[in-house]
Structure formats: C-alpha cells, structure tokens
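Need a 3D model of the following:
(one chain, ligands or ions: 1)
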Amino acid sequence: MVLEQQRGVTIWFTGLSGAGKTTIAQFLAEHLRKQKYKVELLDGDIVRQNLTKGLGFSKEARDENIRSIGFVANLLTRNDVIVIVSAISPYREIRDEVRQQIRDFVEVYVNAPLSVCEKRDVKGLYKKARSGEIKGFTGIDDPYEPPLNPEVECQTDCETITESVTKVVTQLKRFGYVQSEKEALTRIPPHPQILA
Ligand code: ADP
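A predicted model of the protein is given here:
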C-alpha cells in the first residue's frame, strides 16, 4: 500500500518496568512499518544511553529525561512521523506537560500489577531493588503515578501481546492516524523471542 499522506502522532507507552511497554511498542512498530508508515521508536533505555547519557533517577533527572524525549518526539510528530515512545515515565505532571506540547498524543497505559512485573523481572532489576543494590526503583521505593485518562489501557497480565497491540491499533484507526488495512494483524505467537 502506498500512503499519500501520513499524519504524525506520538504514541506514548507508560508503565512499570516489565509491564510490557517495549514488547508492545516493538510489535506495533513492526506492524505499522509493514504497511509503509514512517515510524520512529524512542526507547527510554536507549535514549538514556545516548541523548540523556549521565542523567540519574531523581525526580528532576527523570523529568529532564522525559522532557528531552518529548522534545524529540514533538519534532518528529510535526513532520508527520509516527513516534512510538516506550519509557516508564512515572510522573503524571511531566507526561501531561509533554501531551500539551505535542497535541497529537496517544497515551497508552501498560498496566500490570507490580507482583507480575516483579515475577517477570525481565532485566533482573527488581531483584537488585529488593536487595538494596539499586535505590529509587519505580514501584519499589519510588512512585509510579498511573494515567487518569489514557487513550488506551493494556492489561498485560490478562491479555495476549496480540490483544494488547490490537487495542492500540484500534484506537489509532479511530483517531484517524492509521487507515484500515485489509489484512488482519499478523498473528503473533504467544511466547515471542524477538527482544534483542
Ligand atoms: P517494559 O518495556 O515495560 O519494561 P518488556 O516489554 O521489556 O517490559 O517486558 C515485558 C514482558 O512481559 C515480556 O517478557 C513479554 O513477553 C511479557 N508479556 C506477557 N504478556 C504481555 C502483553 N500482553 N503485552 C506485553 N508484554 C507481555
């Protein structure tokens, strides 16, 4: 399919570490790229290794990190790129500040109970936080403020990855950022091994 015009939007995934932000973001990016949309993925961990290298995890540093991601996301969005941000972004106020700036903004709350995220412990960070090796870890000894009115909420403890991705795509279509495609969303196996 050749798209005549694409509308920019920032799709902002927020949630606890291990909730599923990166997983859903990557499948969404792949799904949209297959349909020839211009997509850029801004992953919190990768941004911290490059754009905001050296920033810590105090509230001020976290806000600064989110502001920087928001700034780049805004530049891309206004040039009609679909920007997918995956970042814990624990503070509501700064998320709302970014939302005001970008305007074409879809907030996705990737929601899974702390106990589930901790059991998954994808990066082994919860274990370190519990043992005190890491201080100020979101959900353990640092706050997470859930969105009050997200455009999408994915409950990854009781949804498959396909269901979570479909929820986001459905809203993007509803808001007119993505056109209806003839093919159904590519079936995603229940235990994918795509994470690099
Ligand atoms: P985050 O980016 O939020 O830190 P990750 O995406 O790295 O989290 O890890 C989430 C883990 O949860 C992955 O191992 C993924 O396979 C699993 N998972 C189970 N169900 C879902 C779902 N519906 N959506 C996203 N991830 C899921």
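
List the buried residues for stretch 69-86?
Buried residues in stretch 69-86, counted by 16 or more other Cβ atoms under 10 Å: 69-70, 72-74, 76-77, 81-86. For every residue, glycine as well, the C-beta is placed using N, CA and C.

Enumerate the residues of the chain near the ligand.
The chain has residues 15, 17-24, 86, 110, 120, 122, 156, 159-161, 164 near the ligand, with proximity defined as Cβ under 6 Å from any ligand atom.

Buried ones from those residues, can you make that a ChimeraX selection?
Under the burial definition 16+ other Cβ under 10 Å, those of the residues of the chain next to the ligand that qualify are selected in ChimeraX by:
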select :15,17,18,19,20,21,22,23,24,86,110,120,156,159,161,164
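
taking the residues of the chain next to the ligand one by one, which sit in strands?
S86, V110 (DSSP state E).

Mind checking which of the residues of the chain next to the ligand are in helices?
K21, T22, T23, I24, R120, I161, S164 (DSSP state H).

Just put the residues you listed in JSON lines and tack on pLDDT.
Formatted as JSON lines, those follow (pLDDT from 0 to 100):
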{"residue": "K21", "pLDDT": "98"}
{"residue": "T22", "pLDDT": "98"}
{"residue": "T23", "pLDDT": "98"}
{"residue": "I24", "pLDDT": "98"}
{"residue": "R120", "pLDDT": "98"}
{"residue": "I161", "pLDDT": "98"}
{"residue": "S164", "pLDDT": "98"}
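
Got phi/psi on L114?
L114 adopts backbone torsions of phi -50, psi -40, taken as degrees, to the nearest 10.

Report how many residues lie close to it.
Neighbour count of L114, defined by other Cβ atoms under 10 Å: 16.

Please look at it and L16 and confirm they touch.
Yes: assessed by Cβ atoms under 8 Å, L114 is found in contact with L16 at 6.3 Å.

shared neighbours of those two, anything?
G139 (Cβ atoms under 8 Å, 6 or more residues apart in numbering).

Let me see the ranges of the helices in this structure.
21-34, 44-49, 59-78, 92-102, 114-120, 125-131, 161-174.

Pull out the buried positions in the second one.
Of the residues in helix 44-49, those with enough neighbours to count as buried (16+ other Cβ under 10 Å) are G44, V47, R48.

quick check, nearest of those to N149?
G44 (22.0 Å; Cβ to Cβ).

any idea how far that closest one is from I11?
14 Å (Cβ to Cβ, to the nearest Å).

Overlap in contacts, the two.
With Cβ under 8 Å, 6+ apart as the test, G44 and I11 both reach V85.

In contact with P146, which residues?
Neighbour list for P146: R92, Y109, N111 [criterion: Cβ under 8 Å, 6+ apart].

Among those, name the buried ones.
Here, 16+ other Cβ under 10 Å leaves Y109, N111 buried among these.
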